[in-house]
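Colleague: Kindly generate the corresponding structure for this input.
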Amino acid sequence: MKFAFTIIVSLISFFGIAQNETLFNEATAFYNEGDYEKAITNYHKIVENGEHSAAVYFNLGNAYYKLNQAAPSIYYYEKALLLAPGDVEIKNNLSFAQNMTLDAIEVLPETGFSKIYRGVIGFLSFEQWSYLAIALVLIFVFSYIAFYFFSYATKKRIAFITSMFAMVFAVLAVILAYLQFEELKSYNPAIVFADETVIQSEPNDRSQENFRLHEGTKVNVLDQLNNWKKIRIADGKTGWVNAADIKLLKDF
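Modeller: Residues are numbered from 1 along each chain as shown. Got it, this is the predicted structure:
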């Protein structure tokens, strides 16, 4: 029974992959022919089938950019970057799309310590730091076993020192993985989709207006209350925005 179930699941998965590949190829053909709306329809079908890939989101961003739609093009470029943060082509196309936005927001300058901190924890992804920690723990174990079995003093010394260094760096890797995980949890980006939205001082329409944002601007969501989300923009300003006016990026 379990074998039959496994076969069925495998067949469904195979046909799903084949269908997505067909949709992707068709979408690419539509895009090359200049039929960007049909390309977008196909790419969205792939996403609806459960495939979240940098290539699909990147192509969605390209198609929306060709239609001069700032918010969705930036939105999908940003989603692609979440999955492929080092991709230079995505970053370049995103910068072109951002030129269509109206809001000129100055980024808060970082201190020297902050730059070093972010550079260190961002050197590897959360998963990579975790894998490195596991590898170092394995090195520690094998080195300690070698220390126990080696008979020569020099080899025992080398094995002991190696095991100690491996353990220290394993602990450091775990700490860095934890710090980056906390950073990822606190980072909840979204894109403004409304042509113009008022950012209020409190989560209601009667409160004072803090500032206004326009289509395509990126914000970080800090909190939520009913149909309102508290946001921060790159220059440090905060306020409450109607949840319907923005679209979260980390929704997959």
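Colleague: starting at the chain centroid, how far to the longest strand along the chain?
Modeller: Ranked by residue count and defined by DSSP state E, the top strand of the chain is strand 218-225. Taking the mean of its C-alpha atoms, strand 218-225 sits 16 Å from the chain's own mean (C-alpha atoms, centre = their mean, to the nearest Å).
Colleague: Buried ones in it, by neighbour count?
Modeller: 218, 219, 221 (16 or more other C-beta atoms under 10 Å). Every residue, glycine included, has its C-beta placed from N, CA and C.
Colleague: Identify the residue nearest the second one in space, chain neighbours excluded?
Modeller: In space, not counting the residues next to it along the chain, residue 219 is nearest to residue 231; the distance is 4.1 Å by C-beta to C-beta, 6 or more residues apart in numbering.
Colleague: Just the local confidence number for the one you found, please.
Modeller: Residue-level confidence at residue 231 comes out at 97, pLDDT.
Colleague: helix or strand for it, which one?
Modeller: strand 228-232 (DSSP states H and E).
Colleague: strands paired with that strand, and their directions?
Modeller: According to DSSP bridges, strand 228-232 forms sheet pairs with strand 218-225 (antiparallel), strand 238-242 (antiparallel).
Colleague: sorry, back to before: could you give the bridge partners of the residue nearest to residue 219?
Modeller: Residue 231 has these beta-bridge partners by DSSP bridges: residue 221, residue 239.
Colleague: Contacts only, for it.
Modeller: Residue 231 makes contacts with 190, 199, 219, 220, 221, 222, 238, 239, 240, 241, 246, as judged by C-beta atoms under 8 Å, 6 or more residues apart in numbering.
Colleague: What mean pLDDT does stretch 117-131 get?
Modeller: If you average the pLDDT over stretch 117-131, you get 82.
Colleague: Which strand or helix spans the residue positioned nearest the centre of the chain?
Modeller: For the chain, the residue nearest the mean C-alpha position is residue 82 (2.3 Å; C-alpha atoms, centre = their mean). Here residue 82, judged by DSSP H and E, is contained in helix 70-83.
Colleague: quick one on the thing from earlier: my guess is the residue nearest to the centre of the chain meets residue 248, correct?
Modeller: No - taking C-beta atoms under 8 Å as the definition, residue 82 is not a contact partner of residue 248, at 11.2 Å.
Colleague: got the buried residues for the strand holding residue 231?
Modeller: Using 16+ other C-beta under 10 Å as the test for burial, strand 228-232 gives 228, 229, 230, 231.
Colleague: quick check: angle from the longest strand of the chain to helix 70-83?
Modeller: 90 degrees (axes from the mean of the first three to the mean of the last three C-alpha atoms, to 10 degrees).
Colleague: Residues touching strand 218-225, excluding its own?
Modeller: Residues contacting strand 218-225 (C-beta under 8 Å, 6+ apart): 74, 78, 187-192, 203, 213, 229-234, 238, 240-241, 243, 246, 248.
Colleague: Among the residues you listed, the buried ones, what's the ChimeraX command?
Modeller: Selecting only the buried entries of these in ChimeraX, with 16+ other C-beta under 10 Å as the criterion:
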select :74,78,188,189,190,191,192,203,213,229,230,231,233,238,240,241,243,246
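Colleague: before we move on, the earlier item: residues in contact with the helix holding residue 82?
Modeller: 52-55, 57-58, 60-62, 64-65, 87, 90-91, 93-94, 97-98, 100-101, 189, 191-193, 215-216, 218, 247, 249-250, 252.
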